[in-house]
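Asker: When you get a sec, could you give me coordinates for this:
(one chain, ligands or ions: 3)
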Amino acid sequence: MWFGLLALLVLPAVVAWAEYADVVINERAEEEGMAPVIYPHWFHRIRFQCSVCHVDLEFKTAAGQNGITMDKISQGEFCGACHNGEIAWSVDNCDLCHSGKAGLETGIRGGHETTGPGVF
Ligand code: HEC
Ligand code: HEC
Ligand code: HEC
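Answerer: Ligands and ions are numbered 1, 2, ... in the order given. Have a look, this model is predicted:
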């Protein structure tokens, strides 16, 4: 009984810090005439382990801090490691990534901003 109650109290906290919402990436896009990028973090992280992106593909866990450019994506880095027409649809689908409203600034939208210990 006591343990059951404890689990009820602890579990939601664990789930909450593991939940991330959309990341807006707009360091260059709008300046260069494209809509801001909306990166659906949750959608991806239920499909891949954190380490696929944050270790193997070397994405830093900080919105907008990766120096992502369209050239690098086209050369198979960052989003382009998967959005290559094989693992996922290719970079030709501009609007699927550049889907943000004008004026959105880089950053996480909704969810939590910090990560818990030992997630990787
Ligand atoms: C498919 C790739 C991918 C996977 C899987 C993934 N992430 Fe991310 N993550 C990203 C990208 C891309 C960003 C945004 C980076 C940017 O803006 O340059 C990001 C941003 C973040 C951030 C910074 C935003 C914030 O919330 O403050 C954290 C923390 C983070 N990820 C943690 C995780 C954790 C924990 C997991 C696993 C549960 C995970 N990520 C899985 C790609 C991924
Ligand atoms: C898989 C996601 C994705 C797709 C598809 C995509 N982009 Fe991007 N693009 C990005 C990301 C992420 C950035 C970095 C955004 C930022 O920091 O402002 C970016 C940046 C840009 C920039 C800013 C300048 C530069 O070169 O980095 C332009 C212009 C651009 N994209 C054009 C396009 C066009 C045109 C297409 C379609 C042919 C396209 N993008 C398809 C994700 C994508
Ligand atoms: C580790 C592989 C991987 C990486 C890296 C990755 N994606 Fe994806 N992404 C996928 C897969 C797989 C799908 C699902 C494709 C499908 O449904 O056909 C997807 C789907 C999406 C979708 C559509 C989500 C929906 O609701 O249907 C968007 C938008 C997207 N990715 C943007 C990005 C952007 C922007 C980046 C880089 C910041 C990125 N992705 C990096 C694998 C990846």
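Asker: least trustworthy helix or strand in the chain by mean pLDDT?
Answerer: helix 2-17 (a mean of 50; mean pLDDT, DSSP states H and E).
Asker: Now the next helix or strand after that helix: buried residues?
Answerer: Remark: after helix 2-17, the chain's next helix or strand is strand 20-25, criterion DSSP states H and E. By 16 or more other CB atoms under 10 Å, the buried positions in strand 20-25 come out as Y20, D22, V23, V24, I25. In this view, the C-beta of every residue, glycine as well, is placed from N, C-alpha and C.
Asker: Tell me the spacing between the residue nearest to the third one when sequence neighbours are not counted and ligand 3.
Answerer: Taking CB to CB, 6 or more residues apart in numbering as the measure, V23 lies nearest to Y39, with 4.3 Å between them; neighbours along the chain are not counted. Between Y39 and ligand 3 the distance is 4 Å, computed by CB to the nearest ligand atom, to the nearest Å.
Asker: so is Y39 in a helix, a strand, or just coil?
Answerer: Per DSSP: H, G, I helix; E, B strand; the rest coil, the local secondary structure of Y39 is strand.
Asker: That one: what's it in contact with?
Answerer: By CB atoms under 8 Å, 6 or more residues apart in numbering, the contact set of Y39 is D22, V23, V24, I25, C79, C97.
Asker: Quickly find the element holding the closest residue to H54 other than its chain neighbours.
Answerer: Nearest non-adjacent residue to H54, counting by CB to CB, 6+ apart: T61, 5.7 Å away. Using DSSP H and E, T61 is not contained in any helix or strand.
Asker: now swap in D71 and tell me
Answerer: Going by DSSP H and E, D71 is in helix 70-74.
Asker: And the most centrally placed residue in the chain, how close does it get to G67?
Answerer: What sits nearest the mean C-alpha location of the chain, by CA atoms, centre = their mean, is H41, with 3.4 Å. Distance, H41 to G67, by CB to CB, to the nearest Å: 18 Å.
Asker: Cool, thanks, signing off.
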